[in-house]
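A.B. asks: Sequence first, predicted model second:
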Amino acid sequence: MDGICTLANDRVYDQLIALLNSIEAIYGEKMPVCVYPYDDNTTQIAAEIARRPQVQLYNNQESIQQWDEFVCSVWDTHPTAQAHWQKISQEKYHRVGTHRRYCAFDGPFDRFVYMDADTLLMSPLDAIFNQLNHYDWVVYDFQYKDLSHVYNLQSNKLTELFTKEKLQTQVFCSGFYASKKGVFNAQNQQIILDKLRQGEAEVLYDMAPDQTVLNYMVMRLGISNYNFALSLPSNQKTGCCVTSPHFETQNNILYDKGKQLTYIHYIGLSSALFRKLCAGENLDFPYRDVFLYYRYLHEPDKRPQFTTKTKVIEHYPSLGKRILKKLGLTV
C-alpha cells in the first residue's frame, strides 16, 4: 500500500491541518496518511486526526522506542555533538523527536512519501511513486548545491567515504523524500552503527541531526536514489522553497514559470509564526494566502479576518537570503 507520512505534535497543529487539507485537495480521502508523533504532546492533533478516516496517528510504541534508541546510539558515537548540544540547551541529545520520521521504515505503508509538517502538497505524486519502481530513494530538492547543512565539511573523512561526484549529486533535504518499508532494517542499522563507531561519525552535522543521519545511511549503504531536480530538463523542473519569490498562484496552486510545483516548503519559518497568524495576528510572509487557504479549507468561516495593518516579518528577508545562500537555491 502507498501512503504519505509526516511528523507532528501540537506545536505544529495549524501546519498539520494545512498539510492534510492540501493532500485531501489533491486526493480526496483516497490517500492514506500516517502522522508520526514528535513527542507526547499530541492531544490536539490526535483529535483532528480522529476526524479523518484516512489519517492515523502512529502508535507502535515498540517501533518508536527502537528508533529512539537507535538514534541515541548513533549520536553516542559522535566525538563532539553532545558537548556542543549541552552548551546550547543542556540536553544530551538534540531534537530527538525529528528522527521519529524513521518509523516509516517499519510503518504501515509499503511505499511512502514523507513530507515535513511545514509543507503543502501542490500536485499528485504519481511521478514520485513511479520512480520507486526503479529506485529505493526518491527526492526532489536542491540541497545538493550546499553540503554545509548535511555533513561536517571540516572532516577529512568526508571525501574518504564519498567521492566528489556522490557528494555533488546524492545529498538531499529530509523535508520531502520517498522510500519503502524495510529499507533500513535491523541489519542495516547495525552496519551503520559499526561504521560510525569506527570513526566515521565525525562526518555527521550535529545541528541538522535527522537530515545528516538519513543522508549518511542512504549514501553509506549505497541505497539506489533518484533526484528529480537533477534529472528533469531545466524547462520542466520547479523550485519547492518559500524563499523563491517568483512563484505564481493560480486557484491556490503554486506555479514556477508555468510549471505546477510538486510541493511548497515553508523552510525557515517557525511554527510560532503560523500559530500567531492563525490566532489573528496580521503577519505577512511569502505565500501566506496559500497557507491560509489550505489551513481553513474545511472551515473558511474561521479564517482570520485581519483588521489591523499588515506586519511584515522584519527578519524574514534577511533570513530568506541566508537560506538561499546556504542552500544554493536558485530555482
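C.D. replies: Yes, it's here. Remember, predicted model here, so these are calculated numbers, not experimental data.
A.B. asks: how far away is residue 297 from residue 12?
C.D. replies: Plainly put, residue 297 is 17 Å away from residue 12 if you go by CB to CB, to the nearest Å. C-beta here means a position set from N, CA and C on the backbone, and glycine is covered the same way.
A.B. asks: I meant residue 245, not that one.
C.D. replies: Counting by CB to CB, the gap from residue 245 to residue 12 is 24 Å.
A.B. asks: Name the residue in those two with the higher neighbour count.
C.D. replies: Set residue 245 next to residue 12 and count neighbours by other CB atoms under 10 Å: residue 12 wins out with 22 against 11.
A.B. asks: The closest residue to that one other than its chain neighbours: what's it in contact with?
C.D. replies: Nearest residue to residue 12 in three dimensions, chain neighbours excluded: residue 117, at 4.3 Å (CB to CB, 6 or more residues apart in numbering). Residues near residue 117 by CB atoms under 8 Å, 6 or more residues apart in numbering: 6-8, 12, 15-16, 19.
A.B. asks: Out of those residues, which is nearest to residue 312?
C.D. replies: Distance to residue 312 across the contacts of residue 117 (CB to CB) is lowest for residue 15, with 20.3 Å.
A.B. asks: Can you spell out which helices and strands pack onto the helix or strand containing that closest one?
C.D. replies: Residue 15 belongs to helix 13-27 when assigned by DSSP states H and E. Under the contact definition 3 or more CB pairs under 8 Å, 6 or more residues apart in numbering; DSSP states H and E, helix 13-27 sits against strand 2-8, strand 33-37, helix 43-50, strand 119-121, helix 271-278, helix 288-295.
A.B. asks: Which parts of the stretch 151-300 of the chain are helices?
C.D. replies: 157-161, 164-169, 186-197, 209-220, 228-231, 271-278, 288-295 (DSSP state H, counting those that start in this stretch).
A.B. asks: could you dump the ones you listed to a markdown table with mean neighbour count?
C.D. replies: Putting these into a markdown table (neighbours: other CB atoms under 10 Å) gives the following:
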| stretch | mean neighbour count |
| --- | --- |
| helix 157-161 | 14 |
| helix 164-169 | 13 |
| helix 186-197 | 15 |
| helix 209-220 | 22 |
| helix 228-231 | 16 |
| helix 271-278 | 18 |
| helix 288-295 | 21 |
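A.B. asks: Can you check which of those gets nearest to residue 131?
C.D. replies: helix 228-231 (7.8 Å).
A.B. asks: what's the pLDDT at the closest residue to residue 303 other than its chain neighbours?
C.D. replies: Using CB to CB, 6+ apart and skipping residues adjacent in sequence, the residue nearest residue 303 is residue 296, 4.0 Å away. For residue 296, the pLDDT comes out at 98.
A.B. asks: is it true that residue 296 touches residue 305?
C.D. replies: No: with contact defined as CB atoms under 8 Å, residue 296 does not count as touching residue 305 (11.1 Å).
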